[in-house]
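Q: below are the sequence and a predicted model for it; my questions follow.
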Amino acid sequence: MNQILVIHTEGDVVPITQKEIPTLKQVQDWVKGYVEPVSIDPNFGQEMYVNEEGLLEDLPENRFASLIARQPIVGNAVVFVNFSWE
């Protein structure tokens, strides 16, 4: 099972567990726009995706995602944890 965390700017973290690999459309829905990968510490997860145009759209800061990424993150973030691409 793949584990995914959707980290909302309000501080809510929504865990999602699913068998199948999420589609691009699913990830875009979670971040509310085009996706951009962000490097993160492997202790927190395998990959993070954010809204590619978050700064241009003046989205609110995501403090929890910023801590994980060790850089400013705006808008919702998606972290793939315990994830298998198979």
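A: Arrived safely, thanks for sending.
Q: can you give me the buried ones in stretch 40-50?
A: Buried residues in stretch 40-50, counting neighbours by 16 or more other CB atoms under 10 Å, are found at 40, 45, 48-50. From N, CA and C alone the C-beta is placed, and that goes for glycine too.
Q: same question, stretch 2-16
A: Residues of stretch 2-16 classed as buried: 2, 4-9 (neighbour count, 16+ other CB under 10 Å).
Q: hmm, who's touching that stretch?
A: 17-22, 30, 45, 59-65, 68, 74-84 (CB atoms under 8 Å, 6 or more residues apart in numbering).
Q: now a ChimeraX select for only the buried ones of the residues you listed.
A: Applied in ChimeraX, the following selects the buried portion of the contacts of stretch 2-16 according to 16+ other CB under 10 Å:
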select :22,30,45,59,62,64,65,68,74,75,76,77,78,79,80
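Q: show me where pLDDT drops low in this structure?
A: Within the chain, the ranges that satisfy pLDDT under 70 run 83-86.
Q: the strands in it, which residues?
A: 2-7, 13-18, 35-38, 47-51, 77-81 (DSSP state E).
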